[in-house]
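Trainee: fold the following, please.
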Amino acid sequence: MAQAAASSSMTEDEYLAFERASQEKHEYANGELFAMSGGTGDHAAIAANLIGELRNALFGRGCRVHTSDMRVKIPNTPRYVYPDASVVCSKPEYADDTKDTLTNPQVVIEVLSESTEAYDRGEKFAAYQTIPSMAYYVIASQTKPRIEIFTRQDDGGWLLRTYGAGELAALPSLSCSIEVDRIYTDVLEVPSS
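Mentor: The predicted structure follows:
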């Protein structure tokens, strides 16, 4: 997670008013603001490639693929986050009429960085698991062609499948898959198959 911003505790309404007026993005947890730092060029390119590939795979099927500008509200908690990307294939539901805070993503994507990996795999993933609509948590490595997809099971547990170079990463309930190599093309050297 990013560093806590220098501010006193604020309510959710105060956070939303502050965030909507801010030039920078902040995550919010239990009254605290956390300034979001910029990512590396590789991080941004991998996120953009994932968004592009998902958009192409889901085009014309009523799905929306969002960039990191779409804030997500964690249900039943005073917590707001900015995933690297999110997907909703049902009618989007928002926290309020401003429609800038999604509450029902089906897919949430994070591109790992050295400073956020433990948080993305731990506390943030635990928070994402409480979103009832969420079917997939996708984690992309920034250092090698590797996509991890956690899939919600009928019993509420999560099944991990890891995909590497030359493989198709599948999101079966969305009838979609993406080529791992295409996510890393022009970013990392992908081994020849």
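Trainee: could you list the low-pLDDT ranges of the protein?
Mentor: Where the chain drops to pLDDT under 70, the residues are 1-8, 190-193.
Trainee: now do 80
Mentor: For the chain, the stretches flagged by pLDDT under 80 are 1-8, 37-38, 189-193.
Trainee: give me the longest helix you can find in this structure.
Mentor: If you go by DSSP state H, the chain has its longest helix at helix 41-58.
Trainee: and it, what does it pack against?
Mentor: Applying 3 or more C-beta pairs under 8 Å, 6 or more residues apart in numbering; DSSP states H and E, we find helix 41-58 packed against strand 64-66, strand 85-88, strand 107-111, strand 136-140, strand 176-179, helix 180-184. Quick note: C-beta positions are derived from backbone N, CA and C, even for glycine.
Trainee: the same query, at a cut-off of 10 Å, please.
Mentor: strand 64-66, strand 85-88, strand 107-111, strand 136-140, strand 168-171, strand 176-179, helix 180-184 (3 or more C-beta pairs under 10 Å, 6 or more residues apart in numbering; DSSP states H and E).
Trainee: the shortest one pairs with which strands, parallel or anti?
Mentor: Meaning strand 64-66. strand 85-88 (antiparallel) (DSSP bridges).
Trainee: extract the C-alpha trace of the partner strand and format it as PDB.
Mentor: What follows is strand 85-88, C-alpha atoms only, in PDB (Å, rounded to 0.1, in the frame of the first residue of the first chain):
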ATOM      1  CA  ALA A  85      -8.000  -2.500 -13.900                       C
ATOM      2  CA  SER A  86     -11.500  -3.900 -13.300                       C
ATOM      3  CA  VAL A  87     -14.200  -5.500 -15.400                       C
ATOM      4  CA  VAL A  88     -18.000  -5.600 -15.000                       C
END
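Trainee: can you list contacts of it?
Mentor: Contact partners of strand 85-88, identified using C-beta atoms under 10 Å, 6 or more residues apart in numbering, comprise 47-48, 50-51, 54-55, 57-58, 62-68, 70-72, 102-111, 128, 131, 133-136, 138, 140, 171, 174, 176.
Trainee: switch the cut-off to 8 Å
Mentor: Applying C-beta atoms under 8 Å, 6 or more residues apart in numbering, the set of residues contacting strand 85-88 from outside is 47, 50-51, 54, 58, 63-68, 70, 72, 102, 104-109, 133, 174.
Trainee: and it, how far from the chain's centre?
Mentor: Relative to the centre of its chain, strand 85-88 is centred 7 Å away, using C-alpha atoms, centre = their mean, to the nearest Å.
Trainee: which strands and helices sit next to the one helix or strand Leu16 maps to?
Mentor: Following DSSP states H and E, the helix or strand that holds Leu16 is helix 12-21. Counting contacts by 3+ C-beta pairs under 8 Å, 6+ apart, helix 12-21 packs against strand 26-29, strand 79-81.
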